[in-house]
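1. Let me see the structure of the following:
(one chain, ligands or ions: 2)
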Amino acid sequence: MKKISILVPMYNEQEVLPALFDRLSALMDANTDYDWEVVMVNDGSSDNTASMALAMHERDARFHCVDLSRNYGKETAMLAGFDTVSGDCTVIMDADLQHPPEVIPKMVEKWEQGYDDVYGMRITRGKEPWLRKKLSLLYYNLLQRTTRVPVLKNVGDFRLLDRACINALRKLRETHRYTKGLYCYIGFRKAEVPFEQADREAGETKWNFVRLLGLAIEGITSYTTLPLRFATIVGGIVSVAAMLYLMFILFKTVLVGEPVAGFPTLMVSILFLGGVILLTLGVMGEYLARIFDESKRRPVYFIREIDGKRQTDGCVREIE
Ligand code: UDP
Ligand code: MG
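-> Ligands and ions are numbered 1, 2, ... in the order given. Next up is the predicted model:
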């Protein structure tokens with residue numbers, strides 16, 4: 001019998017866990033053609049998520065919990081999940097039930113037809129602030145235009161991945177992870193399944209504006225070097241313009257003389273150039289910081305406990 005894993009990263013989700021347990025149990029009980037396992041990755045929650053997850057494991061052995069040593073962020077929590085799942089395919093979903101488990105059988109159907117990466121395509125985004133929706137759309141348009149590998153719009157982390165994809169993703173062990181880009185990078189046969197994104201069941205979103213902005217910068221810097229190219233181009237244009245202006249001033253001084261004046265021109269050009277230089281340095285710094293972090297080659301995460309058993313060797317591969 002084929003085995004399907006469901007991977008759920010969780011950070012302070014104690015309010016939704018009872019509902020999650022019920023919905024997933026119902027799904028697994030209704031589809032007995034497959035073996036099921038649920039891998040809950042507790043991403044260093046500060047509430048009762050860890051103990052509740054353990055209680056779920058004790059109640060139903062199909063539920064497993066991986067307890068990370070601290071909060072690493074969702075992207076890293078997912079990698080810990082990829083290392084742990086044992087199914088022939090894996091479905092990733094959010095703990096807050098914005099990704100309805102009822103869509104999973106449709107994904108499995110596509111998988112059985114031979115697709116390796118079946119992603120959920122949002123047709124509605126549920127309750128989200130208007131500005132966030134707009135900004136998110138704008139961002140994806142921008143990212144789409146700047147990269148060679150397309151990143152799909154309105155596609156999140158709700159997806160089914162074949163074992164081949166999971167193993168491919170496990171090979172990509174960068175510290176700064178932007179998994180949405182990685183799915184596209186690894187390729188494989190993709191299919192989409194539309195779904196209506198529900199509202200968050202309970203609790204509140206962990207992604208405030210600053211965190212989202214961080215993820216957005218991550219997306220661009222881990223995915224494209226175009227900002228560097230852009231800096232070069234702007235630098236080039238400004239240099240050429242400065243040269244032309246310099247020649248103009250030289251000739252003018254030689255031909256008609258120069259009574260000292262021009263304070264505004266001076267200030268404007270100094271400020272402008274200063275701005276361009278600082279911006280360029282900032283962009284280069286973003287990339288440098290990433291090189292710095294990746295060059296340390298640290299393990300991306302550490303595991304504290306699996307199913308209540310303490311882990312002493314840090315990273316562990318598979319649930320027995
Ligand atoms: N999450 C996580 N680690 C974090 C932040 C979030 O594992 O540091 C999980 C969270 O528990 C949820 C999923 O990532 O299962 C999506 O988070 P959330 O629902 O807060 O984001 P939104 O749906 O608002 O984008
Ligand atoms: Mg959510």
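2. so what pLDDT did residue 152 get?
-> Predicted confidence (pLDDT) at residue 152: the value is 68.
3. Residues of the stretch 51-200 of the chain that sit close to ligand 2?
-> 94, 96, 98 (Cβ under 5 Å from the ion). Heads up, the C-betas are built off the backbone N, CA and C, glycines and all.
4. Let's have the residues you listed in a markdown table, adding distance to residue 144 and secondary structure.
-> Putting these into a markdown table (distance: Cβ to Cβ, whole Å; DSSP: H, G, I helix; E, B strand; the rest coil) gives the following:
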| residue | distance to residue 144 | secondary structure |
| --- | --- | --- |
| 94 | 23 | coil |
| 96 | 27 | coil |
| 98 | 23 | coil |
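5. Next, format those as TSV and append pLDDT and neighbour count.
-> Formatted as TSV, these follow (pLDDT from 0 to 100; neighbours: other Cβ atoms under 10 Å):
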residue	pLDDT	neighbour count
94	91	21
96	87	23
98	86	23
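6. so which of the residues you listed also contact ligand 1?
-> Among these, proximity to ligand 1 is found for 94, 96, 98 (Cβ under 6 Å from any ligand atom).
7. Check which element follows the helix or strand residue 108 falls within along the chain.
-> Per DSSP states H and E: residue 108 is located in helix 104-112. Next helix or strand after helix 104-112 toward the C-terminus (DSSP H and E): strand 117-124.
8. Output the contacting helices and strands for that next one.
-> Here strand 117-124 touches helix 104-112, strand 155-162, helix 179-186, strand 190-196, going by 3 or more Cβ pairs under 8 Å, 6 or more residues apart in numbering; DSSP states H and E.
9. ok, 10 Å please
-> Contact partners of strand 117-124 among helices and strands, from 3 or more Cβ pairs under 10 Å, 6 or more residues apart in numbering; DSSP states H and E: strand 89-92, helix 104-112, strand 155-162, helix 163-171, helix 179-186, strand 190-196.
10. So is the third one next to ligand 1?
-> No - counting by Cβ under 6 Å from any ligand atom, ligand 1 is not contacted by strand 155-162; separation bottoms out at 7.6 Å.
11. What strands line up against that strand, and which way round?
-> In its sheet, strand 155-162 lies beside strand 89-92 (antiparallel), strand 117-124 (antiparallel), with partners assigned from DSSP bridges.
12. can you tell me which of the ones you listed the model trusts least?
-> The stretch with the lowest average pLDDT out of the strands paired with strand 155-162 is strand 117-124, scoring a mean of 84.
13. Show me which positions of it end up buried.
-> 117, 118, 119, 120, 122 (16 or more other Cβ atoms under 10 Å).
14. Does the residue in the stretch 151-300 of the chain positioned nearest to ligand 2 fall in a helix, a strand, or a coil region?
-> Of the stretch 151-300 of the chain, the residue with the smallest distance to ligand 2, taken as Cβ to the ion, is residue 200 at 5.1 Å. Per DSSP: H, G, I helix; E, B strand; the rest coil, the secondary structure class of residue 200 is coil.
15. and it, how many neighbours does it have?
-> 19 (other Cβ atoms under 10 Å).
16. now it, nearest residue through space, not along the chain?
-> Taking Cβ to Cβ, 6 or more residues apart in numbering as the measure, residue 200 lies nearest to residue 96, with 4.5 Å between them; neighbours along the chain are not counted.
17. Same check on residue 31?
-> On the basis of Cβ to Cβ, 6+ apart, the spatially nearest residue to residue 31 that is not a chain neighbour turns out to be residue 105, at 6.2 Å.
18. pretty sure the one you found is in contact with residue 27, am I right?
-> Yes - contact criterion Cβ atoms under 10 Å: residue 105 and residue 27 qualify, at 7.7 Å.
19. And the two? Which one has more around it.
-> The neighbour comparison of residue 105 against residue 27 (other Cβ under 10 Å) goes to residue 27, with 20 against 15.
20. For the more buried one, give me the pLDDT.
-> At residue 27 the predicted local distance difference test score is 90.
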